[in-house]
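S.K.: have a look at this prediction, sequence included:
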Amino acid sequence: MAEAKAAPNIGDRIDSYCGRCKMMLAHTVETIENGKIKKCHCNTCGAQHAYRPKAPKKAGVPSALEPSDYDKLMKSQDADKARKYATSDKFQPTELINHATFGLGIVLTCKESNKIEVLFSDGAKTLVHCR
């Protein structure tokens, strides 16, 4: 028999999308109405907001890009403004990076809190950042 999911309580830790941090992070429940979480605060930045159990769908760059899409995306970019890739730096979607092995790439999405998906001329790669 499957266990029933416990009702949330104020002070519980939950995952929620933080609009300030722009990612799914650990939050603390602050308000509950009719058994549903209404407000929480981000344990990373402290922002208080409505509970968002899922990240919003990203407008703009589709996630299933092919290497042929690389040329289209790079036409609107200035290669001289590419930041050198380092695992300790934080990168944002649409940012241009210069990787020592893979060359120029454009950040497609942020995954989790320390991973990014980057499109290079030979395809998309998952890289770490914020370490």
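M.R.: Cool, got the structure. The shown structure was predicted, so the numbers you read here are calculated from the model rather than taken from an experiment. Numbers count the residues shown, from 1 in each chain.

S.K.: tally up the residues packed near residue 8, please.
M.R.: The number of residues packed near residue 8 is 15, by other Cβ atoms under 10 Å. Every residue, glycine included, has its C-beta placed from N, CA and C.

S.K.: confirm it sits in a helix?
M.R.: No - Residue 8: not assigned to a helix; according to DSSP: H, G, I helix; E, B strand; the rest coil it is coil.

S.K.: surely it and residue 32 touch.
M.R.: Yes - Residue 8 lies in contact with residue 32 (Cβ atoms under 8 Å); the separation is 5.9 Å.

S.K.: who touches stretch 115-126?
M.R.: If you take Cβ atoms under 8 Å, 6 or more residues apart in numbering as the criterion, stretch 115-126 is touched by 63, 65-67, 69-70, 73, 91, 97, 99, 102-111, 127-129.

S.K.: list only buried entries from the residues you listed.
M.R.: Listed as buried from the contacts of stretch 115-126 are 65, 69-70, 73, 91, 97, 99, 102, 104-110, 127, 129; burial here means 16 or more other Cβ atoms under 10 Å.

S.K.: now, which of the residues you listed lie within strands?
M.R.: 97, 99, 104, 105, 106, 107, 108, 109, 110, 127 (DSSP state E).

S.K.: does residue 80 count as helix, strand or coil?
M.R.: Look at residue 80: counting by three-state DSSP, its state is helix.

S.K.: what's the distance between it and residue 96?
M.R.: According to Cβ to Cβ, to the nearest Å, residue 80 and residue 96 sit 10 Å apart.

S.K.: and those two? Which one has more around it.
M.R.: Ranked by neighbour count (other Cβ under 10 Å), residue 80 and residue 96 place residue 96 first, with 20 against 6.

S.K.: and for the more buried one, nearest residue in space, chain neighbours not counted?
M.R.: residue 82 (4.3 Å; Cβ to Cβ, 6 or more residues apart in numbering).

S.K.: hang on, the earlier thing: now the common contact residues for residue 80 and residue 96.
M.R.: Common neighbours of residue 80 and residue 96, using Cβ under 8 Å, 6+ apart, do not exist here.

S.K.: any idea what the spatially most central residue of the chain is bridged to?
M.R.: In the chain, the centroid-proximal residue (Cα atoms, centre = their mean) is residue 110; its distance is 3.2 Å. Bridge pairing for residue 110 (DSSP bridges) gives the partners residue 116.
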